[in-house]
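1. 3D model of this:
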Amino acid sequence: MPRARQPSGCYVPAAVSRSHLESVLQYHLLSKHTPPAYAPGPGYLDWKTQPNPFRSFRGAPSLALPLSSGEPSPSFAELGRGSPAAPRTLDLAGIARLFELSFAVSAWKQLGASRWALRCNPSSGNLHPTEAYLACPALPGVEAGVHHYEARVHALERRASPPSEPWARAFPAGGAFIGLTSIHWREAWKYGVRAFRYSQLDLGHAIAAVRYAAATLGWRATVVAGASDDDVSRLLGLGRAPDFDGVEREQPGALLWVGTELRDVELDPLLACLVGASWTGRADSPGTAHTRWDDIDAVVAAAAKPGTSEPTWQAPRLPPTAADPSTASEPRRPMAADPSARSEPRRPTAADPSAGSEPRRPTAADLAGESVQFPPAVASQAGESGPLQPTAACPSSTERAAAPQTVRGAGCEARPIALGPAWLSADSVIRSRRSAVAFDAQTRIPQAQFFAMLEALLPRAGIPPRDALPWEPRVHPLFFVHRVKGLPMGLYALPGTDDIERRLHARGRDELIWQPVEGCPAHLRLRLLLPLDLRGEAEDIACGQAIAADGAFTAAFVADFRGPVTQHPSWYRRLFWEAGLLGHALYLEAEAAGFRATGIGCFHDDEAHRLFGFAGDEFQTLYLQAVGGPREDSRLLTLPAYPS
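-> Purely as a prediction, here's the structure:
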């Protein structure tokens, strides 16, 4: 696997980095939303200082990149099977396509006089703190050196021209580096102290975007795990103070190796070449002014990544998947007037006569015959979002006593997992990805497609996107299932290993039943935890946002938190990268299946933990993502990404 070679034992011992660990944990606590208060924010939006989401380097030579519209593309289903087309040559057309399908503008939206860009990589608040760079040898059509990608015009700006012969000798064959950085002010302008979290989530989305784009070219992409922040900064020229004079600096993020094959890489020879390089260009301003957030500066310093020597980890090879014949055509989204969308019972509210004069809560007879003690986050919601109600598919205590301890899904016979329409191209899925702004509260996802979406979250050798992270999974999704055909409504878990399942089981609330879902492929390890209508709880946890309750399901990305962060505080960033990467997989899987997803960064962290039963910080929720049938805004005008 590609990783920067460093001396062994490079992780800073815990005793040395104790103050950094405390700083990271303090930031994580400070940046939590806790009702009735929220994490510190700007208080209002100062439109005069709104950051520019596009950076360019004035004076740097610019290379216009060709657009790949109309070129052949593997199907999205082929990417999920690990069988894309033969590897393309590393040249101008290939590099252009890589950036186009990962960071380029995908469309412009307009409402009245307001106009804004959408990109292939999603971003919190569409603020785009991530900048992307290319470090490459001489390629057909692309000069050797370090280049900044200018998304607004789809071009490469050459920042550094190293001595050609030493650079060529030092550069590994068969690939190039993609460097990712963050401008935290772009997020802090709107979200305040929580911006560091969102910037790291965006880096995770960006890593996944690069991995999917590389797969369309038959290339591999993986994070160079051993690289330090100092390595990334030196490679990309981030420490060149005169080039960033008077503007918000970029912080080093992830470094990826992209190419026809994976290689071990040594960065020191490349960095030595840059000592004598010619640098050009000065960064423009992302806004007219910016406010410093001391707490963000503190966590940046505390979570800095040293050079490390890390064990090699490769994703396992899972059972082969195949497109289900039932998905040969794109599924139709049920509309509000579609009778097939109305088979789900309407959630009663306290004021609803159908709920009765006394909204009934679950009793011992509803859940395993034992007393159920709900936390304040749940128990206080009667009369606001409706009572907790067992779902129609939830068995009674008598049925449970007589039935095997496995949750049955309607028509859940084992079969290959559906991966979406076989003809749908990967390019079209990537370019059409959008964030839903609202769901219709009716559309239900077929069970097979839900399982296919879960499949995409697993680490699978040679299959995007999780194989881009060369470490064992640390983030394990829980799901609020609201509208999946054949599955009871309730809380589900997708633990990655036996050990994680045991630990989550031990730390979770006593009422969680941990039943396997019959008909779900065994390697998915899907477990039903709590068979209840939790739409109200999902909405309340998501800062009262109805979008968490109105979709088919909402995922909560839960990190194995304390152990990795104690190992080294820089793991704090990696955990968010992993959560963002998994969220990106859901975005594309939903789009391919004819639905839509949206990331939810605003949520009450510890209210989620109370519902799950987590105490302390062994496990922490880092991100929410909802999937469902979108409600489109017909007022918006869609314009081409690059009209000229």
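2. does Val517 count as helix, strand or coil?
-> strand (DSSP: H, G, I helix; E, B strand; the rest coil).
3. so when I look at Tyr587, I'm seeing a helix, right?
-> Yes. Remark: Tyr587 belongs to a helix, assigned using three-state DSSP.
4. was I right about it contacting Arg433?
-> Yes. Using CB atoms under 8 Å, Tyr587 is in contact with Arg433, at 5.4 Å. (Glycine included, C-beta is placed from N, CA and C.)
5. which residues are in contact with both of those two?
-> Listed contacts common to Tyr587 and Arg433 are Pro122; contacts here mean CB atoms under 8 Å, 6 or more residues apart in numbering.
6. tell me which of these two has more neighbours.
-> More crowded of Tyr587 and Arg433, by other CB atoms under 10 Å: Tyr587, with 27 against 23.
7. ok, for the more buried one, nearest residue in space, not its chain neighbours?
-> In space, Tyr587 comes closest to Ala597 once its chain neighbours are excluded; the distance is 4.7 Å by CB to CB, 6 or more residues apart in numbering.
8. check His523 too.
-> Leu318 (5.4 Å).
9. contacts only, for the one you found.
-> By CB under 8 Å, 6+ apart, Leu318 lies in contact with 458, 460, 523.
10. any figure for the gap between it and Leu457?
-> 12 Å (CB to CB, to the nearest Å).
11. do the same with Asp264
-> Distance, Asp264 to Leu457, by CB to CB: 28 Å.
12. for the two, indicate the residue with more neighbours.
-> Neighbour totals were compared for Asp264 and Leu457, and Leu457 leads with 24 against 14 (other CB under 10 Å).
13. right, and Leu267 touches Ser233 too?
-> No. Taking contacts as CB under 8 Å, Leu267 lies outside contact range of Ser233: 11.6 Å.
14. for the residue positioned nearest the centre of the chain, which non-adjacent residue is closest in space?
-> Against the mean C-alpha coordinate of the chain, by CA atoms, centre = their mean, the closest residue is Gly580 at 2.1 Å. Nearest non-adjacent residue to Gly580, counting by CB to CB, 6+ apart: Gly204, 2.2 Å away.
15. SS state for that neighbour?
-> Classified using three-state DSSP, Gly204 is helix.
16. neighbours around it, how many?
-> 30.
17. and it, what does it touch?
-> Counting by CB under 8 Å, 6+ apart, Gly204 touches 576-584.
18. ok, the nearest residue to Val475 once chain neighbours are set aside - contacts?
-> Using CB to CB, 6+ apart and skipping the chain neighbours, the partner closest in space to Val475 is Glu578 (4.4 Å). Counting by CB under 8 Å, 6+ apart, Glu578 makes contact with 204, 469, 473-475, 557, 559.
19. who wins on neighbours among these?
-> Tallying neighbours with other CB under 10 Å puts Gly204 at the head of the contacts of Glu578, with 30 neighbours.
20. okay, Ser644 and Ala506: tell me how far apart.
-> Note on Ser644: its distance to Ala506, by CB to CB, is 59 Å.
21. so between these two, which is more surrounded?
-> For Ser644 and Ala506, the more surrounded residue by other CB under 10 Å is Ala506, and the numbers stand at 9 against 4.
22. over to that one: give its phi and psi.
-> phi -70, psi -30 (degrees, to the nearest 10).
23. show me the contacts for Arg119.
-> Taking CB under 8 Å, 6+ apart as the test, what Arg119 contacts is 103-106, 128, 151.
24. who's it bridged to?
-> Beta bridges link Arg119 to Val105 when assigned by DSSP bridges.
25. what about the residue nearest to Tyr587, how many neighbours?
-> 29.
26. what about stretch 278-292, start to end distance?
-> 32 Å (CA to CA, to the nearest Å).
27. mean confidence for it?
-> In this model, stretch 278-292 has a mean pLDDT of 82.
28. off-centre distance for it?
-> Computed by CA atoms, centre = their mean, to the nearest Å, the chain-centroid distance of stretch 278-292 equals 27 Å.
29. now do stretch 246-254
-> Relative to the centre of its chain, stretch 246-254 is centred 21 Å away, using CA atoms, centre = their mean.
30. show me what contacts Gly218?
-> If a contact means CB under 8 Å, 6+ apart, then Gly218 has 84-88, 260 as its contacts.
31. my bad, should have said Val481
-> Applying CB under 8 Å, 6+ apart to Val481 gives the contacts 450, 487-492, 552-553.
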